[in-house]
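Visitor: got a predicted structure here, sequence first:
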Amino acid sequence: LGNWGPSTKCLRMANRTITPSEAVWKGEVVIGGIQTVGEFKVFQSGGGWKFLFRKPLLRAFKAVHNYETDKVQVTGIGGTVTLCN
């Protein structure tokens, strides 16, 4: 992936700890054939996650999570698709 840049942001985790972001990436994101422009931060999760969607990327995909079925609907260029969580 190209488009990497340095990051000086610190991220607050769910357990309220602060973790430094090491880099930021911006560009085209494609999930389930649906694409949008977004960005994500790179940080050491301690093995907790491979990829963590934050609110800005969820908003970019207009994501809707159905908690009962644990499925996520995403919308962008290419239409709408439902993903199994």
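Guide: Received it, and whenever you're ready, just let me know what you need.

Visitor: where does the residue of the chain most remote from its centre land on pLDDT?
Guide: Of all residues in the chain, residue 68 sits farthest from the chain's C-alpha centroid, using CA atoms, centre = their mean; the distance is 21.4 Å. Note for residue 68: predicted pLDDT of 95.

Visitor: mind checking the SS state of it?
Guide: For residue 68, the assignment made with DSSP: H, G, I helix; E, B strand; the rest coil gives coil.

Visitor: so who does it touch?
Guide: Residues near residue 68 by CB atoms under 8 Å, 6 or more residues apart in numbering: none. No exception for glycine: its C-beta is placed from N, CA and C like everyone else's.

Visitor: what do you get for the one 4 residues further on?
Guide: Each residue near residue 72 by CB under 8 Å, 6+ apart is listed here: 63-66, 82-83, 85.

Visitor: what's across from it in the sheet?
Guide: Beta-bridge pairing of residue 72 under DSSP bridges involves residue 65, residue 83.

Visitor: okay, now residue 32: neighbour count?
Guide: As a burial measure, residue 32 scores 17 neighbours (other CB atoms under 10 Å).

Visitor: so it touches residue 74, yeah?
Guide: Yes - look at residue 32 against residue 74 with CB atoms under 8 Å: they come within range, at 6.5 Å.

Visitor: quick one: low-confidence parts of this structure?
Guide: Across the chain, the ranges flagged by pLDDT under 70 are 1.

Visitor: next, name the residue at the spatial heart of it.
Guide: The chain, centroid-nearest residue using CA atoms, centre = their mean: residue 53 at 2.7 Å.

Visitor: surely that residue forms part of a helix?
Guide: No - the assignment for residue 53 by three-state DSSP gives coil, which leaves it out of any helix.

Visitor: OK, contacts around it?
Guide: residue 63.

Visitor: and residue 39, how many residues sit next to it?
Guide: Neighbours of residue 39 (other CB under 10 Å): 15.

Visitor: name the helix or strand for the nearest residue to it once chain neighbours are set aside, please.
Guide: Closest residue in space to residue 39, ignoring its immediate chain neighbours: residue 26 at 4.2 Å, by CB to CB, 6 or more residues apart in numbering. In the assignment (DSSP states H and E), residue 26 maps to strand 23-31.
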